[in-house]
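Participant: give me a model of this one.
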Amino acid sequence: MVEQQLRSLGLRLRAPERPPELPDDVRTPTGRPPAARVGWEGRLMAQKPVGEPWEAKHRAAVSLARQRYDAGTHYMATHVTKDGWQQLYSWPRQTPAAPQAYFNRPGVA
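Facilitator: The predicted structure is shown next:
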């Protein structure tokens, strides 16, 4: 109805412009980011794009971090960067905690 009224006045609606296409390097991270904080470089065990599986070269480090966490000797944390990378950190506890079976439960990979 609005279009008909505008046409009767000799006006025409413009088609909405499409947003510009994003280049692939915006959708997919291109470079690995630095550690989340200065001084945490030694704590960084592995990093990967969010939603992707751990690369084969990082699986041993991820497994070791999980074993140490379950043994209660290390902390473990993950961080997601604004560029879309997931980072895994592990560092020793000053006082060991009781062992737990968080990653060693049946069905947990």
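
Participant: where are the low-confidence patches of the protein?
Facilitator: 1-2, 12-31, 105-109 (pLDDT under 70).

Participant: do a quick rundown of the strands in it.
Facilitator: 44-49, 74-80, 85-92 (DSSP state E).

Participant: what count of nearby residues applies to Pro49?
Facilitator: 14 (other CB atoms under 10 Å). Any C-beta I mention is one placed from the backbone N, CA and C, and that applies to glycine too.

Participant: also Leu88?
Facilitator: That count, for Leu88 with other CB under 10 Å as the rule, works out to 20.

Participant: same deal with Met45?
Facilitator: For Met45, using other CB under 10 Å, the count is 23.

Participant: please apply the same query to Ser63.
Facilitator: 14.

Participant: gap between it and Ala77?
Facilitator: Distance, Ser63 to Ala77, by CB to CB, to the nearest Å: 17 Å.

Participant: now swap in Gln87 and tell me
Facilitator: Counting by CB to CB, the gap from Gln87 to Ala77 is 9 Å.

Participant: ok, now Pro34?
Facilitator: The separation that Pro34 has from Ala77, given CB to CB, amounts to 16 Å.

Participant: re earlier: between Gln87 and Ala77, point out the one with more neighbours.
Facilitator: Gln87 (21 against 14).
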